[in-house]
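Engineer: Provided below for reference: sequence and predicted model.
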Amino acid sequence: YHGRALARPEPFGLGAWAVARLGAFPPDAPLCRGGVVFTTGDRLRARPRAFYERLRDELATVEPEAGHYMERLAALVYGGVEHVEAVYFGGRRAGEDGAPPPR
């Protein structure tokens, strides 16, 4: 990244990382590219503390590629997969009844 090596996450790849960390990767979920994120305390508390601790530990490297994943997937990380599916896919699970299928 800008000439610096990134710490490769495990699993590698945005979709695989999202499924492993978030439990799903709706392919048409909104992607954040500007780094500006907002959420609510209720949304944050919907996930256990261990979820955020694991992300913190994964991002505690010099150049974590997972940090770029976090930026792109901010709506899923801080809004929750279920919330994103409800808002963007009319409550349908990804891949269900015409909702975008999982990748």
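Structural biologist: Looks like it arrived, so ask away.
Engineer: now do the buried residues in the helix or strand encompassing Gly15.
Structural biologist: Per DSSP states H and E: Gly15 is located in helix 14-22. Neighbour-count burial for helix 14-22, counted by 16 or more other CB atoms under 10 Å, picks out Leu14, Trp17, Ala18, Val19, Arg21, Leu22. The C-beta positions use only the backbone N, C-alpha and C, and glycine is treated the same way.
Engineer: check contacts around the nearest residue to the fifth one once chain neighbours are set aside.
Structural biologist: Spelled out, that is Arg21. Using CB to CB, 6 or more residues apart in numbering and skipping the chain neighbours, the partner closest in space to Arg21 is Leu55 (7.1 Å). Contacts for Leu55 (CB atoms under 8 Å, 6 or more residues apart in numbering) come out as Arg21, Ala66, Met70, Val77.
Engineer: between the residues you listed, which sits nearest Arg33?
Structural biologist: Met70 (12.4 Å; CB to CB).
Engineer: tell me the centre residue of this structure?
Structural biologist: Leu73 (3.5 Å; CA atoms, centre = their mean).
Engineer: so that one versus Gly67, what's the distance?
Structural biologist: From Leu73 over to Gly67 the distance is 11 Å, taken as CB to CB, to the nearest Å.
Engineer: please apply the same query to Ala16.
Structural biologist: From Ala16 across to Gly67, the span is 16 Å (CB to CB).
Engineer: Arg33 reaches His68, doesn't it?
Structural biologist: No: applying CB atoms under 8 Å as the test, Arg33 and His68 come out as separate, 10.1 Å apart.
Engineer: right, I'll leave it there.
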